[in-house]
Every structure is written in C-alpha cells, then in structure tokens.
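Asks: The sequence isn't on hand, but the structure is:
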C-alpha cells in the first residue's frame, strides 16, 4: 500500500497539472512539473489523434481508473462536421469531461453539439451533464466511482441521454455524418459500437481490446461478444478504435480480441460442456502463448476462464 506522503504527492501532482491545463500552459511545462513531483503513475493528459479525415480518437491509458487518469482509462473519439462536433463518450465525471473538451478544442474551435454514449459503464456517460450544460444533445441506445476518483466526482450530476434510439441496429445522420449504431451487449449490458461507413472507421466500445487483455465481468456475455465481433468483421472497417488500446485495424483486433473470445468459448466452454474438472481445465489452459504478451494477462486470464466455465456449465 502506498505511504500517506506518496498519496498526498500524487494528489498534489494531479491538482497542479489540472490547474496548468485549465490555464493553458504548454505540454513542455506540464511534463517538467510532472518530472519534479513523484515517480508514481504519470498524470494522463488527453490528446486527440487523427484516424481518418474528420475522425479523431483520444486513446486512454491501459490501467485501472485513478486520480492520475481522471477515470479516462478508455478510448474516446469525435467527428468534425460543418455544424459542430460529435463526441463519442463523455468521460467519468465533470472533471474528466472538461479534459476531453480541452482535447477537442486543441483540434477545432467548433462546439461539441452531440454526445453519443456507447455503453453504460461510468466512464462512458458520467460526463453527460457537463456537455448538456453547454447545449449538447446526448444520445444513447435505449438498451443501454468514488472509490477511484475521490473528490474529482464533486460537481458531477448523473444525466441520462435525452435522446434514445430504439432497436439494436440504427442508422442515423447527425450533423451531416452517416453512422450505424449497433448494440453488442458484450463486456457490459447495453454496450454498443458506432460505425462511420463514409470514413471506414468503427468505434467498438468495450467489444474490442488491444495491447491489454479484455476483462470478462460477471455481467459480460462472451457468446454475444463473439457474435458481435463477427458483425464487426462484416463491416470491414479500415480503422478500428477499440474500447482500450491503440487505434488499430481488424487484423490486430481479431488476433487480440476475436481470437480470445474464440479461445474462451471453444476451449474453456467446450470443457465445461463436457463436464471436465474445472481446476484441471483452468490449469491446462493457464498459459496460452498467443495472449501472454497482453497487459493484465496475469491478473485477468484465470478469472476470465473461471467465469466462462461457470457460465457454460450452467448454460451449455
């Protein structure tokens, strides 16, 4: 457990860097102060990277939510239109929403006019009220933290989408941009992906992870996830913005996510259906070479197998 003094240093570091960001100090100044404070987790400053044409991604860190990353340990994105900006996911609090807004402002002076929530986890939508307060419309599919963020949650008001879209596959046009919104229900109930056909870009939400191992939660459904991944492949996107990890393509997404869903179902699920001993199965499949390089493998893989085994044992 970190010492009290180190914790205080981390809090001070976060506050100093946040104030610097709000006052417009440059990246070099931010990094200089960061280096002088603590050698703990680096403070995350959201920055946009261009994916294709008017489509941008904001790639978050791979670790757990924390003060240093303001709960932005996921990927976000936005699309520039002639009428304003479409923001994909709003952050974990009003504090983190302001950080996302700053990243957008570094690219364009256009206002954020629409917010699309791809899922129901906190860091996908708890920033809604911040953007709604500035006049943005908040959209979600109808099906769709104090522990980590402490005082950063102050001022955050949970606000659901004001515009809900029925069904599981919706084609929309927002700000002149055509998009296809598909329910996946994979990592978490109500998860979705957003496909921009004109730019061949798909924001997958938490259906896809790269660079780190995906997490199977008690609420996750790997069968629905595998089916949704098949739907993603059928879209044939040139650019994939995963829920976590770098912007990539369908080849890497398949290797680090699609193949893992197949492994869990075809290996672990198959063993459960055949009533093989659980401990023996988990020990036999504990170190699949093709996934060991992924961050969080040691922490998550066995727990993922455990949950999948129990699911297939109860629902073969």
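Replies: Nice, thanks for sending it over. None of these values were measured; they are calculated from a predicted model.
Asks: Verify the stated contact: residue 193 with residue 179.
Replies: No - the criterion here is CB atoms under 8 Å, and residue 193 misses it with residue 179 at 10.3 Å. Bear in mind the C-beta positions are built from the backbone N, C-alpha and C, glycine included.
Asks: So the two - more neighbours on which side?
Replies: residue 193 (28 against 23; other CB atoms under 10 Å).
Asks: Reduced to three states, what does the more buried one come out as?
Replies: Judged by DSSP: H, G, I helix; E, B strand; the rest coil, the three-state class of residue 193 is strand.
Asks: Tell me what it is bridged to.
Replies: residue 182 (DSSP bridges).
Asks: how close does it sit to residue 232?
Replies: Distance, residue 193 to residue 232, by CB to CB, to the nearest Å: 7 Å.
Asks: Between these two, which contacts overlap?
Replies: Residues touching both residue 193 and residue 232 (CB atoms under 8 Å, 6 or more residues apart in numbering): 202, 204, 207.
Asks: Would you reformat the residues you listed as TSV and include neighbour count and pLDDT?
Replies: Formatted as TSV, the shared contacts of residue 193 and residue 232 follow (neighbours: other CB atoms under 10 Å; pLDDT from 0 to 100):
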residue	neighbour count	pLDDT
202	27	98
204	31	98
207	31	97
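Asks: mind listing which of those are in strands?
Replies: Members of the shared contacts of residue 193 and residue 232 lying in strands (criterion: DSSP state E): residue 202.
Asks: Nearest residue to residue 252 in space, ignoring adjacent ones along the chain?
Replies: Distance criterion CB to CB, 6 or more residues apart in numbering; nearest residue to residue 252, sequence neighbours excluded, is residue 210 at 5.6 Å.
Asks: And the strands in this structure, which stretches?
Replies: Along the chain, counting by DSSP E, strands occupy 48-52, 55-59, 75-81, 84-88, 112-117, 137-141, 163-165, 169-174, 177-183, 192-196, 201-203, 239-241.
Asks: Poorly predicted segments of the stretch 101-250 of the chain, please.
Replies: Applying pLDDT under 70 to the stretch 101-250 of the chain flags the ranges 144-149, 153.
Asks: dump the residue contacts of the closest residue in space to residue 81 that isn't next to it in sequence.
Replies: Counting by CB to CB, 6+ apart, residue 81 lies nearest to residue 175, which is 3.3 Å off, once chain neighbours are set aside. Shown in contact with residue 175 (CB under 8 Å, 6+ apart): 79, 81, 82, 83, 84, 86, 113, 114.
Asks: Please tell me I have it right and the third one contacts residue 176.
Replies: Yes - counting by CB under 8 Å, residue 82 touches residue 176, with 6.0 Å between them.
Asks: Report how many residues lie close to residue 309.
Replies: If we define neighbours as other CB under 10 Å, then residue 309 has 22 of them.
Asks: So residue 211 versus residue 69, what's the distance?
Replies: 15 Å.
Asks: So the two - more neighbours on which side?
Replies: residue 69 (27 against 17).
Asks: and residue 240, how far is that from residue 300?
Replies: Distance, residue 240 to residue 300, using CB to CB: 21 Å.
Asks: Who has more neighbours out of these two?
Replies: Higher neighbour count among residue 240 and residue 300: residue 240, with 29 against 16, using other CB under 10 Å.
Asks: which non-adjacent residue is nearest residue 278?
Replies: In space, residue 278 is closest to residue 309, 5.5 Å off (CB to CB, 6+ apart).
Asks: That should have said residue 88, apologies.
Replies: residue 77 is the one closest to residue 88 (CB to CB, 6+ apart), at 4.2 Å.
Asks: Next, count neighbours for that neighbour.
Replies: Residues lying near residue 77 (other CB under 10 Å) number 26.
Asks: Same question for residue 42.
Replies: By other CB under 10 Å, the burial measure for residue 42, its neighbour count, is 15.
Asks: returning to what we had before: tell me the contacts of the residue nearest to residue 88?
Replies: 51, 55, 56, 57, 58, 87, 88, 89, 203, 241.
Asks: would JSON lines of the residues you listed with neighbour count and distance to residue 162 be doable?
Replies: Below are those laid out as JSON lines (neighbours: other CB atoms under 10 Å; distance: CB to CB, whole Å):
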{"residue": "51", "neighbour count": "21", "distance to residue 162": "27"}
{"residue": "55", "neighbour count": "23", "distance to residue 162": "24"}
{"residue": "56", "neighbour count": "25", "distance to residue 162": "24"}
{"residue": "57", "neighbour count": "24", "distance to residue 162": "25"}
{"residue": "58", "neighbour count": "24", "distance to residue 162": "23"}
{"residue": "87", "neighbour count": "26", "distance to residue 162": "14"}
{"residue": "88", "neighbour count": "25", "distance to residue 162": "16"}
{"residue": "89", "neighbour count": "30", "distance to residue 162": "16"}
{"residue": "203", "neighbour count": "32", "distance to residue 162": "21"}
{"residue": "241", "neighbour count": "30", "distance to residue 162": "25"}
